[in-house]
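S.K.: What follows is a predicted structure for the sequence shown.
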Amino acid sequence: MGEARPNPRVWALALAVGVVLADSSIVVLALPDIYRDLDTTVFGVTWVLVSFNLVMALAAVPAAMVARRVGPGRAAAVGLAIFAGAGLACGLSDNLEALIVARSIQAIGGALAVTASLELLPIAVGSERRASVVWASAGATGAALGPALGGILTQLVSWQSIFLIQVPVALIAAAPILAIARDEMSTRVLEREVSRPTGRPHLWANVALAMVSAAIAAALFLLVLLLIEGWLLSPIGAALVVSVMPLAALVGSRIGGWVADARARAAAGALLLAGGLGGLALLPKATVWLTVPPQILIGIGLSLVLSALTETALAGRSPQAIHGGWTISSRHAGVVIGLLALTPVFTHDIAVQQKNAINSGTSVILDSPVRPLVKIGLAEKISEHLEAQDGKVPNLGHVFDPLPEDEGERAEVVEMREELQDQLNAGATHAFSPSFAIAALIALLALLPIGLARRIEL
Amino acid sequence: MTRGRILVVAALIAAVALVGIYAAAGGASYEPVKVQNPCKPRPPAETSGGLEGVAEEITLSALDGAACRLGVTRERLARALASTSAREKFAKEFHIDDERLAKAIRAGLVRAVTDAEERGKIPGVFAGPLRSLVEDIPLEEGIKLIQGGKDLFSSAESFLGPLGDLLNEFLP
């Protein structure tokens, strides 16, 4: 990538790929706000994320075929226009159904833009190999940056703004691509490309991509949920915390540049991903800085493994758009499978830990040396508060306000509050542990198809 | 060793080290505070002493007794008794009607008074009338007693008449 001379077309195509693939995860930090604003269920709001990824998974290969047929320049421009228009509709949605439909349309436009971009990049950068590196890096950077950007926009402006901001970004990317669409060269490339036979997709690289994508989706989605719903950070606070991952991904792309062997990069990436997720499953305390080392491993790992597997899936295969479509399809199918498989696990674990935390909290109150009437008052407040929580991880901190006026009693209540808060934090943290552990296992299991990727070529 | 192998070995070391350090630091040993079986004897609660302390001990003991009889935890029952809506939710969740709840609370209160008597917290002369008081107590009154343990003695005082004035004198 370092050898490529920056030119507007390369930047525009990388931006198009980045903005579309960031959209896969950008909405993660906005989900709690969407959940409240649109008055929906946890399962319903998950579909804001799932619908985009599912449609991307289904539409990527057909979109690549369309791009080859109508011309990649035109397909990319039309795709970005659809993506921008649907983004506008997402931002203006006032109910969940409209938002999910708009997200699905956005995914169709995104699939067209991303796969067509891969067909255009070789012309812009001079070689198919370099094009696949630029394309894969842009995708990995977009996916890693998404949650942090989404969190900042959600808190500073609104959840709607994360979709509305995509409109000008997509149009900026579309401007140089429109020039390509008008270029006669596109037509000549099209004629040459359409005549090329389509080879089989690289099975093991795509299977591995699906598996690591499931693990990455879990890492992003679960960590954000833990930070916001478990540890009660603001969206911008959570965005700052998870920005460690894209920063580490940048380091990962530099490390990747020193190693030519794609299988080694993929294996190292999967190991780091598994280690990072394992670390999140074993957080010793509910402290933000303890998430930093696992995030560094995950960020470096995702950059190494996504780029290496995408390059492997594309290497020596043509047409690039179709095989790129398969990688997009595999990645997003992995995200959908990861989310759908892990959502019931962590929602169940949250419910169990919530019950444990409530019982532990009540036990702490009943066994404390505080006056009976104060205890009963607290129990009543806690009971009312829990009824209003509706399945979320409870925060009982403000239940203790106002503190008793008597100094001794106040000290006892403060001690009780701290003990109770520790119980809740530990419960919330460990509610996510089994899901992180499953995701770590999926990342480890991806080593199998990575190992098979070179031995068995399909 | 090739760069590829160095990268894989370094990744393996980093992953194992992180997981190992976090597990050793206590990440694998979390257990929520265990809620005790209400049917098993519990060590005397840390109370404020005096009338209020004895009342609280009886309240907690009564909660244990009632919870044991209903087959729920003391903590769940305490939350259920905190408000009418919480009680309705509890009744629906555990299929416990008011009659069964009243019986359990009465039994819990009787057990609590007996326990307090056995521990020497209430003189025997007051334990008998107190037991009689709670044996037929209506549900709402029973809940009120558990909610504000001190009322137990107010009721006892009115029930006992002038003898009630001596209650505070005899309490340890």
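M.R.: On my side now, so go ahead. Residues are numbered from 1 along each chain as shown, chains lettered A, B, ... in the order given.

S.K.: In the stretch 1-150 of chain A, where is pLDDT below threshold?
M.R.: Residue ranges of the stretch 1-150 of chain A with pLDDT under 70: A:1-6.

S.K.: and what of chain B?
M.R.: For chain B (pLDDT under 70), the answer is B:44-53, B:145-172.

S.K.: Which residue does it have closest to chain A?
M.R.: B:Ala15 (2.3 Å; CB to the nearest CB). C-betas here are computed from N, CA, C, even on glycine.

S.K.: What sits closest to that residue if chain neighbours are left out?
M.R.: A:Gly275 (2.3 Å; CB to CB, 6 or more residues apart in numbering or on different chains).

S.K.: swap in A:Val242?
M.R.: A:Val242's closest residue in space is A:Pro147 (CB to CB, 6+ apart), at 5.0 Å.

S.K.: residues in contact with residue 115?
M.R.: Chain wasn't specified; assuming chain A. With contacts defined as CB atoms under 8 Å, 6 or more residues apart in numbering or on different chains, A:Thr115 is in contact with A:Ala60, A:Ala63, A:Ala64, A:Ala67, A:Ala75, A:Ala321, A:Ile322, A:Gly324, A:Gly325, A:Ile328.

S.K.: actually it's chain B I care about, not the one you picked
M.R.: B:Asp115 neighbours (CB under 8 Å, 6+ apart): B:Ser61.

S.K.: top of the contacts of A:Thr115 by neighbour count?
M.R.: A:Ala67 (33 neighbours; other CB atoms under 10 Å in any protein chain shown).

S.K.: thinking that one is in contact with A:Ala75, fair?
M.R.: Yes. With contacts counted by CB atoms under 8 Å, A:Ala67 reaches A:Ala75, the gap being 3.7 Å.

S.K.: Common neighbours of those two, please.
M.R.: With CB under 8 Å, 6+ apart as the test, A:Ala67 and A:Ala75 both reach A:Leu112, A:Thr115, A:Ala116.

S.K.: Does the second one belong to a helix, a strand or coil?
M.R.: The reference is to A:Thr115. helix (DSSP: H, G, I helix; E, B strand; the rest coil).

S.K.: So it versus A:Leu209, what's the distance?
M.R.: Remark: distance between A:Thr115 and A:Leu209 (CB to CB, to the nearest Å) = 15 Å.

S.K.: Next: B:Leu101.
M.R.: 58 Å.

S.K.: just A:Ala113 next, same as before
M.R.: In this view, A:Ala113 and A:Leu209 are 19 Å apart by CB to CB.

S.K.: And for A:Asp401?
M.R.: In terms of CB to CB, A:Asp401 sits 50 Å off from A:Leu209.

S.K.: Can you point out the buried residues in the helix or strand hosting A:Ile152?
M.R.: Here A:Ile152 sits within helix A:128-156, counting by DSSP states H and E. Neighbour counts over helix A:128-156 (16 or more other CB atoms under 10 Å in any protein chain shown) mark A:128, A:130-155 as buried.

S.K.: Which elements pack onto the helix or strand following it?
M.R.: Counting by DSSP H and E, the next helix or strand C-terminal to helix A:128-156 is helix A:159-164. Secondary-structure packing of helix A:159-164 (3 or more CB pairs under 8 Å, 6 or more residues apart in numbering or on different chains; DSSP states H and E): helix A:31-37, helix A:72-92, helix A:128-156.

S.K.: and with 6 Å instead?
M.R.: Applying 3 or more CB pairs under 6 Å, 6 or more residues apart in numbering or on different chains; DSSP states H and E, one finds that helix A:159-164 contacts helix A:72-92, helix A:128-156.
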